[in-house]
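*Asks:* My questions concern the predicted model and sequence given below.
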Amino acid sequence: MLFINPQDTFDAFLGSISTFSLMDAIDILLLTYVTYLLLRLIRETRAGQLIKGIIFLVALYFITSKRFIEKFHLKATNFLLGKVLSMGILAMIILFQPELRRALEKAGRSKFGIRLFGFGQSNSEIKLLWEDAIDIICDSCVELSASCTGALIVVERQVRLGETIETGTILNATPSKEIFGNIFYPKTPLHDGAVIMRDGIILAAACFLPKPAKDAQINKKLGSRHRAAIGMSENSDAVVIVVSEETGQISVAVNGKLTRDYTHDKLKALLEDALFNDKKEITIGQKEIFSSFSERRKKK
């Protein structure tokens, strides 16, 4: 049995305290903050389950080593676990690639990240580009809603959507109610897909959007447009507007959450909040569609 001398432990603790400096305190605080961000990142994602599995393997490795209980030393098991854990960093990067990508993108589009690298536009420039476009988007959505014409409009923010734009047709058109009506008219070639807007311009149409990460957990009553909107909002900071062709209802997807029952004024307020206000998160105050695992569990 491994024996730890309490006196040696106490002496080591006193030695650490005597050499503790301000930089050590900053180091600990920084590490604590990074750990907190990582815990927030993996919460309620499949990364959380992977972390539990890794912790289990580490615990099993120490239990099967002779340093824990010499008589319980399982040589073969311990050897294999050691080889697996020796590749732990590479495995973590591969397993958590989607989560790490989202975390890095979020850091890059934060206020600090934008100012640090000098990217991004000033608030006055953004207002100049989007002020008229927001009114046109809202007017168009109301008209499309009245005629129950399905529509999917992606408003790009900090995260560039170049890969998604390449799947559609480049337009570079100044927005108008007539153009939106023509694009989403059911018998036109460009109606089946999403319009992507950048800097107040209709950049592309008929774009294919990514599927949501938790597609199986989304309300089955939602159609392909709503699912595509959720998927796009999970993969970027874009604001995605959906007009239902069945009910004419206007919905908005932001940060993986879909909200509905938008009027002209409420949609305009949300878009202005998303584009003009210098915030990390935007507030969505409409009735939310239950799509997360926890919400499904409450229903049961």
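*Replies:* Looks like it came in fine.
*Asks:* Relative to the whole chain's centre, how far out is stretch 17-34?
*Replies:* Relative to the chain's own centre, stretch 17-34 is displaced by 31 Å; criterion: Cα atoms, centre = their mean, to the nearest Å.
*Asks:* So which residues make contact with it?
*Replies:* Outside stretch 17-34, not one residue touches it by Cβ atoms under 8 Å, 6 or more residues apart in numbering. The way it works is simple: take the backbone N, C-alpha and C, and place the C-beta from them, glycine included.
*Asks:* Now do that stretch, average pLDDT.
*Replies:* Per-residue pLDDT over stretch 17-34 has a mean of 81.
*Asks:* do stretch 230-242 as well
*Replies:* The average of the pLDDT scores along stretch 230-242 is 91.
*Asks:* Run through the strands of the stretch 101-250 of the chain in chain order.
*Replies:* Here the stretch 101-250 of the chain has its strands, by DSSP state E, counting those that start in this stretch, at 151-155, 169-173, 194-198, 201-207, 239-243, 250-254.
*Asks:* I'd like those laid out as a markdown table, including mean neighbour count and distance to Thr263.
*Replies:* Shown next, in a markdown table, are those (neighbours: other Cβ atoms under 10 Å; distance: least, Cβ to Cβ, whole Å):
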| stretch | mean neighbour count | distance to Thr263 |
| --- | --- | --- |
| strand 151-155 | 25 | 16 |
| strand 169-173 | 14 | 26 |
| strand 194-198 | 26 | 20 |
| strand 201-207 | 22 | 23 |
| strand 239-243 | 27 | 13 |
| strand 250-254 | 26 | 8 |
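*Asks:* For my notes, please list those in a markdown table and give distance to Met87 for each entry.
*Replies:* Shown next, in a markdown table, are those (distance: least, Cβ to Cβ, whole Å):
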| stretch | distance to Met87 |
| --- | --- |
| strand 151-155 | 39 |
| strand 169-173 | 43 |
| strand 194-198 | 40 |
| strand 201-207 | 38 |
| strand 239-243 | 38 |
| strand 250-254 | 38 |
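*Asks:* looking at those, which is closest to Thr35?
*Replies:* Minimum separation from Thr35 across these (Cβ to Cβ) falls at strand 250-254, 27.4 Å.
*Asks:* what helices or strands is that closest one leaning on?
*Replies:* For strand 250-254, the elements it packs on are helix 123-146, helix 224-235, strand 239-243, strand 257-260, helix 264-276, judged by 3 or more Cβ pairs under 8 Å, 6 or more residues apart in numbering; DSSP states H and E.
*Asks:* mind redoing it with 7 Å?
*Replies:* Packing contacts for strand 250-254, counted by 3 or more Cβ pairs under 7 Å, 6 or more residues apart in numbering; DSSP states H and E, involve helix 224-235, strand 239-243, strand 257-260.
*Asks:* okay, the ones you listed, which one's buried deepest?
*Replies:* Most buried of the helices and strands packed on strand 250-254, by mean neighbour count (mean count of other Cβ atoms under 10 Å): strand 239-243, with a mean of 27.
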